[in-house]
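*Asks:* pasted the sequence and its predicted model underneath.
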Amino acid sequence: VQLQASGGGLVQAGGSLRLSCAASGRTFSTYAMAWFRQAPGKERELVAAATWSTTLTYYTASVKGRFTISKDNAKNTVSLQMNSLKPEDTAVYYCAERSGPPLVTLRYTYWGQGTLVTVSS
């Protein structure tokens, strides 16, 4: 499975960005896709996740109400709409995929290459 993330960039605090992740090369059913982030000097964090065939979603507390994960099953893509961005959202964002539960875990199987989001104050 190949995951290609895009959409990162530099934005001012309060602004918005939309990240996208395209999946290809699957030979199995997908259970969930997720977005993680890793800021300099910090551990990787699960930001948002969504099951592929149901409507179950997860958001880490710091992004609830600001970020929205969505998926396009027909196009095999998952997106992360990020609004009201804060400097503390600055990180490399990774999309990831796994073929079975649980949804909320750091142990996703397949990873994209990461895209940098920088939020200036």
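*Replies:* Good, I have the coordinates.

*Asks:* Leu17 against Ser6, yeah?
*Replies:* No: using C-beta atoms under 8 Å, Leu17 is not in contact with Ser6, being 10.8 Å away. (Glycine included, C-beta is placed from N, CA and C.)

*Asks:* higher neighbour count, the two?
*Replies:* For Leu17 versus Ser6, neighbours defined as other C-beta atoms under 10 Å are more numerous around Leu17 (20 against 15).

*Asks:* for the more buried one, give the beta-bridge partners.
*Replies:* Counting by DSSP bridges, Leu17 is bridged to Met82.

*Asks:* got the contact list for it?
*Replies:* Going by C-beta atoms under 8 Å, 6 or more residues apart in numbering, Leu17 touches 7-9, 11, 82, 85, 117.

*Asks:* centre-most residue in the protein?
*Replies:* Trp35 (1.9 Å; C-alpha atoms, centre = their mean).

*Asks:* in which helix or strand would I find that residue?
*Replies:* Using DSSP states H and E, Trp35 sits in strand 32-38.

*Asks:* mean confidence for that strand?
*Replies:* For strand 32-38, the mean per-residue pLDDT is 97.

*Asks:* numbering from 641 from now on, please.
*Replies:* Shifting the count to begin at 641 puts that one at strand 672-678.

*Asks:* list the strands paired with the helix or strand just after that strand, with their directions.
*Replies:* Once the chain leaves strand 672-678, the next helix or strand it forms, by DSSP H and E, is strand 685-691. Next to strand 685-691 in the sheet, as set by DSSP bridges, lie strand 672-678 (antiparallel), strand 697-699 (antiparallel).

*Asks:* please identify the deepest-packed of the ones you listed.
*Replies:* Compared across these, strand 672-678 shows the largest average neighbour count, a mean of 24 (mean count of other C-beta atoms under 10 Å).
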